[in-house]
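K.L.:
okay, here's the prediction I keep looking at, along with the sequence it came from:
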Amino acid sequence: MSKRSKTFYIFNTLKGMAMGAADVVPGVSGGTIAFISGIYEELLETINRLNLKTLKILFKDGFKEFWKAINGNFLASLLLGIAISVVSFAKGISFLLHNYPIELWSFFFGLVLASVLFVGKDIDRSKAGSWIALVLGVLIALYITQLKVGAYVDNPWYLFLSGALAICAMILPGISGSFILVLLGSYETVLNAVHQRDLQTIAIVGAGAIVGLLSFSKLLKWTFDHYKNITLALLTGFILGSLNKIWPWKEVLESKLIDGKKFIIAEQNVSPFHSGNSSEFITALLLSVGGFLLIYILEKSVRKNP
């Protein structure tokens, strides 16, 4: 890999920040951002370099060679951006989710809709297998997004498992790791841990995430290496199906009070005009267009400056 400029790593950190901001929201995948920004396959490749072979390089040839072997500059700049975003935006995203949910979901709906178009355009649509994989991806995402939310939990072993499962979803475009935490009932625990700097809880979830990441990334890389077109179609289906979850207008079907807080267990999509507030719809539409244009600009800039 040729030597990269400081500008590349600055932009890589910004991409990490975008991934981190997306991952905080239950319904939007940081993997989608990685895909659109052109770093997805390199990210998988880099994760898969973290193994016993590269660990031997550390002890045999020193830290410099080890850092080069794991593509350390790329990984560090990306993780820095994700960390900055999660720590900075977790509280703000939580505030927006509670106070301006329609506006927030509208922005992300436009963002994810654009992602479907830009990821899907690289699929070979002349092959029947691509269409089958696309439909399968949509059906899987629809099924996941219609599951009932789990109860609030804070058991250490359960949080470890939650971290492992969430990170697997997090690196899949279209499937949100935060939403998996919501389904498992761990989202509020993890978000509170970030707000309150609860290092013990963060460490437990992080350990689970590392185990899940190192395991699942190998499978994803293998599918890209051997069945890239089918994998692209499946991931595009995931993203398309996830639009069901982030539709801005919802009607609560079932909720539960846990520790004095209201948790939504089940909900359904409704018409934008269900509330009769036309000004709200116009604002939501503008934010959706803004999200769409953001991805469009990002995708164009990536093609000009890979």
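P.N.:
Looks like it came in fine. Numbering: from 1, shown residues only.
K.L.:
what's in contact with stretch 127-134?
P.N.:
Stretch 127-134 is contacted from outside by 120, 123-125, 229-234, 236-237, 240, using CB atoms under 8 Å, 6 or more residues apart in numbering. C-beta coordinates here come from the backbone N, C-alpha and C atoms, glycine included.
K.L.:
the residues you listed in helices, which ones?
P.N.:
Within the contacts of stretch 127-134, residues falling in helices by DSSP state H are 120, 229-234, 236-237, 240.
K.L.:
please name the spatially closest residue to I230 (chain neighbours excluded).
P.N.:
Closest residue in space to I230, ignoring its immediate chain neighbours: A133 at 4.8 Å, by CB to CB, 6 or more residues apart in numbering.
K.L.:
just give the number of residues close to the one you found.
P.N.:
22 (other CB atoms under 10 Å).
K.L.:
so which strand or helix has it?
P.N.:
Using DSSP states H and E, A133 sits within helix 128-145.
K.L.:
buried stuff in that helix?
P.N.:
Neighbour-count burial for helix 128-145, counted by 16 or more other CB atoms under 10 Å, picks out 130, 133-134, 136-138, 140-142, 144-145.
K.L.:
pull out the buried residues from the helix or strand harbouring F109.
P.N.:
Applying DSSP H and E as the criterion places F109 in helix 101-120. Within helix 101-120, the residues that count as buried by 16+ other CB under 10 Å are 102-116, 118-120.
K.L.:
I'd like the ones in helices among the contacts of stretch 127-134 written out as a markdown table, with pLDDT and distance to P173 added.
P.N.:
Below are the ones in helices among the contacts of stretch 127-134 laid out as a markdown table (pLDDT from 0 to 100; distance: CB to CB, whole Å):
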| residue | pLDDT | distance to P173 |
| --- | --- | --- |
| G120 | 79 | 11 |
| N229 | 89 | 15 |
| I230 | 91 | 14 |
| T231 | 87 | 10 |
| L232 | 85 | 10 |
| A233 | 90 | 12 |
| L234 | 89 | 10 |
| T236 | 86 | 8 |
| G237 | 87 | 10 |
| L240 | 86 | 10 |
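K.L.:
which one among those residues gets closest to A76?
P.N.:
When the ones in helices among the contacts of stretch 127-134 are ranked by distance to A76 (CB to CB), T231 comes first, at 27.0 Å.
K.L.:
excluding sequence neighbours, find me the nearest residue to H195.
P.N.:
K91 (5.7 Å).
K.L.:
ok, the one you found to L253 distance?
P.N.:
29 Å (CB to CB, to the nearest Å).
K.L.:
just T236 next, same as before
P.N.:
Distance of T236 to L253, given as CB to CB: 29 Å.
K.L.:
swap in I204?
P.N.:
Distance of I204 to L253, given as CB to CB: 32 Å.
K.L.:
can I get the helix holding F109 in PDB, CA atoms only?
P.N.:
Taking Å, rounded to 0.1, in the frame of the first residue of the first chain, the C-alpha atoms of helix 101-120 are listed here in PDB:
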ATOM      1  CA  PRO A 101     -37.700  12.000  16.800                       C
ATOM      2  CA  ILE A 102     -39.500  12.800  13.500                       C
ATOM      3  CA  GLU A 103     -36.900  15.300  12.400                       C
ATOM      4  CA  LEU A 104     -34.000  13.100  13.400                       C
ATOM      5  CA  TRP A 105     -35.400  10.000  11.700                       C
ATOM      6  CA  SER A 106     -36.300  12.000   8.600                       C
ATOM      7  CA  PHE A 107     -32.700  13.100   8.200                       C
ATOM      8  CA  PHE A 108     -31.400   9.500   8.500                       C
ATOM      9  CA  PHE A 109     -34.200   8.200   6.200                       C
ATOM     10  CA  GLY A 110     -32.900  10.400   3.400                       C
ATOM     11  CA  LEU A 111     -29.300   9.400   4.300                       C
ATOM     12  CA  VAL A 112     -30.100   5.600   4.200                       C
ATOM     13  CA  LEU A 113     -32.300   5.900   1.000                       C
ATOM     14  CA  ALA A 114     -29.300   7.500  -0.800                       C
ATOM     15  CA  SER A 115     -27.100   4.700   0.500                       C
ATOM     16  CA  VAL A 116     -29.400   2.100  -1.200                       C
ATOM     17  CA  LEU A 117     -29.000   3.800  -4.500                       C
ATOM     18  CA  PHE A 118     -25.200   4.200  -4.300                       C
ATOM     19  CA  VAL A 119     -24.400   0.700  -2.900                       C
ATOM     20  CA  GLY A 120     -26.900  -1.000  -5.300                       C
END
